[in-house]
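**Student:** Got a sequence here, can you model it:
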Amino acid sequence: METIMIVEDEQAIALLLKYNLEKAGYQTISVSHGNRVLAAVEKNLPSLILLDWMLPEISGLELCKIIRNNPELKNIPIIMLTAKGQEEDKVSGLSAGADDYVTKPFSVPELLARIKTNLRRVSTTSAPAKKEYVFHDITLNAIEKKVFRGENYVRVGPTEFRILKLLLSNPRQVFSRQDLLKEVWGNSVYVEARTVDVHIRRLRKALNEFGPDYIRTIRATGYSLDDHEIGEEDGEY
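**Tutor:** Numbering: from 1, shown residues only. All right, here's what the predicted structure looks like:
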């Protein structure tokens with residue numbers, strides 16, 4: 001049975017989540033203080049984390065960054081659950097490593113659908129048909145969930161891992177934002193198209209620390225993995 005960790009300091013919301021998640025067949029763990037979250041995650045290794053942004057002691061945003069920088073925890077899906085609904089807040093949450101972003105007040109059926117989709121993506125990538133994907137010096141190990149450039153280990157979040165796996169599986173093929181949303185996020189969850197750009201930037205930053213940029217931006221079209229020389233058609237998508 002999959003375990004969902006609820007990180008929420010508002011008791012009424014935490015109880016609402018606990019009730020509906022357990023009714024849907026999940027086990028739950030509840031944490032209400034930010035400084036207790038990391039130890040609870042390390043101890044219980046939940047299948048997914050529902051993470052409130054505004055927490056006592058340490059914010060959910062900082063916790064998200066800490067979890068993503070921990071090799072043992074970084075592949076756990078994180079859904080940010082918060083009243084902060086401005087576009088810049090969403091970008092900040094996704095940039096910190098969240099896989100999804102749900103604003104309060106939220107629809108319980110929609111949240112359950114998002115949880116199911118994120119868990120399904122993890123399950124799908126946990127038993128891949130192919131173990132290793134390679135493009136020049138970039139290597140993705142689909143079994144161990146690791147990415148390397150040459151001998152250098154590259155830290156990427158689970159969403160960036162899925163994007164890179166798709167690009168490595170189809171080198172030089174151009175994917176539009178809608179293609180990436182469909183292949184990486186799935187049809188059952190609404191994600192804004194610009195979310196793709198945030199994750200592409202994060203993936204580029206991680207990979208380019210150790211080598212040249214092979215992620216090509218084709219203006220008004222999409223993204224691809226290519227070893228071309230930078231040309232006129234490249235630029236902001």
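**Student:** Please give me every residue in contact with the residue nearest the centre of the chain.
**Tutor:** For the chain, residue 99 is the residue whose C-alpha lies nearest the centre (Cα atoms, centre = their mean; 3.0 Å). Counting by Cβ atoms under 8 Å, 6 or more residues apart in numbering, residue 99 touches 77-79, 118, 157-159. The way it works is simple: take the backbone N, C-alpha and C, and place the C-beta from them, glycine included.
**Student:** Switch these over to TSV, and while doing so, append distance to residue 181 and pLDDT to every line.
**Tutor:** Listed next are the contacts of residue 99 as TSV, based on distance: Cβ to Cβ, whole Å; pLDDT from 0 to 100:
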residue	distance to residue 181	pLDDT
77	17	92
78	19	94
79	17	93
118	14	87
157	17	88
158	16	88
159	11	88
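**Student:** which of those has the most neighbours?
**Tutor:** residue 78 (30 neighbours; other Cβ atoms under 10 Å).
**Student:** what pairs with that one across the strands?
**Tutor:** Beta-bridge pairing of residue 78 under DSSP bridges involves residue 49.
**Student:** so where's the chain shaky on pLDDT?
**Tutor:** Applying pLDDT under 70 to the chain flags residues 85, 123-130, 187-191, 228-237.
**Student:** Chain neighbours aside, what residue packs nearest to residue 79?
**Tutor:** Spatial nearest neighbour of residue 79, excluding adjacent residues (Cβ to Cβ, 6 or more residues apart in numbering): residue 100 at 4.5 Å.
**Student:** ok, and what's touching the longest helix along the chain?
**Tutor:** Secondary structure assigned by DSSP state H gives helix 108-126 as the longest helix of the chain. Contacts of helix 108-126 with the rest of the structure, by Cβ under 8 Å, 6+ apart, involve 2, 4, 16, 20-21, 24, 26, 47-48, 50, 75, 77, 79, 81, 99-100, 102, 142, 145, 158, 161-162, 165, 184-186, 188-189.
**Student:** Pull out the buried members of those residues.
**Tutor:** With neighbours counted by 16 or more other Cβ atoms under 10 Å, these contain buried members at 2, 4, 21, 26, 47-48, 50, 75, 77, 79, 81, 99-100, 102, 142, 145, 158, 161-162, 165, 184-186, 189.
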